[in-house]
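*Asks:* coordinates for the following, if possible.
(2 chains)
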Amino acid sequence: MSSSGTPSSESPPPTVTQPEPTEAPASPATVIANHKKKDLSKVIVRFRAIGNAPILKQNIFKITATNKFMAVIQFLRKELNYQQSDPLFLYVNSAFSPAPDEIVNNLYKCFNTDGKLIVNYCTSPAWG
Amino acid sequence: MSEHIHDSADQLPFNPVARVIWDGSIPIHFILDKAESAGSEKEPLLIEAPRCSYLSRLTNQVCRHFQDRRLRSSNDDSEMWYEYEGVPLKWHYPIGLLYDIHGMQTAAQRGTTDSLLPWKVIVHFKDYPTNKLIKTSAPENSQDFFMSMIKEADYLRNGSTKKVMNMSKSDQSHLWEGLWSKNYDLFWSMNQKLVLNDGILARHLPIRIYLPDNCPVIQDLVCPMDEDDQPKTLRHILNAVLPDLFPLDDRNGSPVAEVIIHGIKPNMDMSVLWAAQNMAYPDNFLHLVIVVGGVQ
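*Replies:* Predicted coordinates for the structure are as follows:
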């Protein structure tokens, strides 16, 4: 009779979570430092003129991924020889205008088309 | 105008979560910068500021209060900016997000538990930090930036901005007017079409993640469902982006990091789709502020 209780006590240990032996997780300080690191990898940006905006002869460029979108705006202004006062409006995918402090890499990851971030530009506001 | 508002309000299902988020506020003490106040000790201005709104909405009131000072400088509101503990505050971030990042996140990192309220924000009328803040001249810019966020969010959900662009101009402006005038019904009568996506499952969810120490903002494609068509949870998506800070199994020991949305620590097993629909800021983004304890 007493034997009836034994099988259950010998039941295998629960195997619900079996985390593989991995390295100890990085500390928050390390994670933060890694995210702040200046990464020099680049992404491909393709500029497309709209309306009467001047067309660039060369319209595909590599831009540092960790840059802010501001860098894209300034780069394009330089390519076009535009003064700070000349009106210029930039859009991603003919759809929305990113804030100058958005990270190029984020825009690339979320909105690239076939490995290129399409940036449309024009001299008067388009798309609302 | 009010009739129209009530028409649409009648069809608004009551959403208690959206409502309390909308009503959330932070008492802010606006203090004129010491160097700029030179002699004239003006009383700080206390404002109960809506979390979902923007600092630019308060600029008129703040300018009026510090008018003496303002007249002696440029007399140009576009030169005005705000700062907390030496850090310029981005005028295109919602107030609640600014507080969660610069107040709560920083305090947690230092290990301080003292109340930060009322939040002490320094007001400047000169030396605009153009290298740190986007320069603007008018509240219209706030509206443009806000609408751009709404469109970016729509693009993430649908792969286009058709839903926003198909709204009439006046419907589009109801979003901003509703937010600006603190009119919940006006805002949500338009906003629910966007965040609920007319019942169509979003391709991706508009989410931004903020690490401490002025880290670059993290934004990536986040699908609402996993491979088994189950709703992803906050834990899942944070684990995917920050596996070291958010292990899938955190039952052993206390978590090294936590997330704050609208000043609260949400349940990590919450569906992220639900969170994006109900806890997004008016700009349609779910802003996740990561806090890590002082001890590392």
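
*Asks:* list the buried residues of stretch B:38-51.
*Replies:* For stretch B:38-51, a neighbour-count test (16 or more other C-beta atoms under 10 Å in any protein chain shown) marks B:Pro44, B:Leu45, B:Ile47, B:Ala49, B:Pro50, B:Arg51 as buried. In short, each C-beta sits where N, CA and C put it, glycine included.

*Asks:* just these that are near chain A?
*Replies:* With C-beta under 8 Å from any C-beta of the partner chain as the criterion, those include none near chain A.

*Asks:* which one of those residues is nearest to chain A?
*Replies:* If you rank those by distance to chain A using C-beta to the nearest C-beta, B:Arg51 comes first, at 19.8 Å.

*Asks:* can you flag which of the buried residues of stretch B:38-51 belong to strands?
*Replies:* Among the buried residues of stretch B:38-51, DSSP state E puts B:Leu45, B:Ile47, B:Ala49, B:Pro50 in strands.

*Asks:* wait, doesn't the third one sit right on B:Ser56?
*Replies:* No: in this structure B:Ala49 lies outside contact range of B:Ser56 using C-beta atoms under 8 Å: 11.6 Å.

*Asks:* what residue is smack in the middle of the chain?
*Replies:* Looking at chain A here, since you left the chain open. Nearest to the geometric centre of chain A sits A:Asn106, at 1.6 Å (C-alpha atoms, centre = their mean).

*Asks:* not quite, I wanted chain B
*Replies:* Centrality entry for chain B: nearest residue to the mean C-alpha point is B:Pro94, 3.2 Å, by C-alpha atoms, centre = their mean.

*Asks:* wait, isn't it in contact with B:Leu55?
*Replies:* No: at 9.2 Å, B:Pro94 does not count as touching B:Leu55 under the criterion of C-beta under 8 Å.

*Asks:* what residues does chain B have near chain A?
*Replies:* Contacts of chain B with chain A, taken as C-beta under 8 Å from any C-beta, map to B:90, B:92, B:134, B:144-145, B:147-149, B:151-152, B:155-156, B:160-161, B:164-165, B:172, B:204, B:211-221, B:242-245, B:247, B:249, B:256-257, B:292-293, B:296.

*Asks:* quick one, which of those are buried?
*Replies:* B:90, B:92, B:144-145, B:147-149, B:151-152, B:155-156, B:161, B:164, B:172, B:204, B:211-212, B:215-219, B:242, B:244-245, B:247, B:256-257, B:292.

*Asks:* hey, which helix or strand in chain A has the poorest pLDDT?
*Replies:* Within chain A, no helix or strand scores below helix A:6-9, which has a mean of 44 by mean pLDDT, DSSP states H and E.

*Asks:* pLDDT wise, what is B:Asn60 at?
*Replies:* B:Asn60 carries a pLDDT value of 89.

*Asks:* show me which residues of the helix or strand where it lies are buried.
*Replies:* For B:Asn60, the host element (DSSP states H and E) is helix B:59-65. Within helix B:59-65, the residues scored as buried using 16+ other C-beta under 10 Å are B:Thr59, B:Val62, B:Cys63, B:His65.

*Asks:* and that helix, how far from the chain's centre?
*Replies:* Centroid separation between helix B:59-65 and its chain, computed with C-alpha atoms, centre = their mean, to the nearest Å, is 21 Å.

*Asks:* what is it packed up against?
*Replies:* The helices and strands touching helix B:59-65, judged by 3 or more C-beta pairs under 8 Å, 6 or more residues apart in numbering or on different chains; DSSP states H and E, are strand B:45-50.

*Asks:* which outside residues touch the strand it packs on?
*Replies:* Here strand B:45-50 makes contact (C-beta atoms under 8 Å, 6 or more residues apart in numbering or on different chains) with B:22-30, B:58, B:61-62, B:65-66, B:95, B:118, B:182.

*Asks:* which of those fall in strands?
*Replies:* Of the positions in the contacts of strand B:45-50, B:Ser25, B:Ile26, B:Pro27, B:Ile28, B:His29, B:Phe30 sit in strands, assigned by DSSP E.

*Asks:* quick one: the residues you listed as JSON lines, columns for pLDDT too.
*Replies:* Converted to JSON lines, those look like this (pLDDT from 0 to 100):
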{"residue": "B:Ser25", "pLDDT": "97"}
{"residue": "B:Ile26", "pLDDT": "97"}
{"residue": "B:Pro27", "pLDDT": "97"}
{"residue": "B:Ile28", "pLDDT": "98"}
{"residue": "B:His29", "pLDDT": "97"}
{"residue": "B:Phe30", "pLDDT": "97"}
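
*Asks:* now, which of those residues sits nearest A:Ala24?
*Replies:* Relative to A:Ala24, the closest of the ones in strands among the contacts of strand B:45-50 is B:Ile26; by C-beta to C-beta it sits at 38.0 Å.

*Asks:* now that closest one: how far from B:Gln277?
*Replies:* Counting by C-beta to C-beta, to the nearest Å, the gap from B:Ile26 to B:Gln277 is 24 Å.

*Asks:* try B:Ser189
*Replies:* From B:Ser189 to B:Gln277 the distance is 16 Å (C-beta to C-beta).

*Asks:* if we can go back for a sec, out of the buried ones among the residues of chain B next to chain A, list just those in helices.
*Replies:* Using DSSP state H, the subset of those located in helices is B:Asp144, B:Phe145, B:Met147, B:Ser148, B:Met149, B:Lys151, B:Glu152, B:Tyr155, B:Leu156, B:Val164, B:Gln172.

*Asks:* any of the contacts of strand B:45-50 buried? List them.
*Replies:* By neighbour count, with 16+ other C-beta under 10 Å, the contacts of strand B:45-50 hold B:Trp22, B:Gly24, B:Ser25, B:Ile26, B:Ile28, B:Phe30, B:Leu58, B:Val62, B:His65, B:Phe66, B:Ile95, B:Pro118 as buried.
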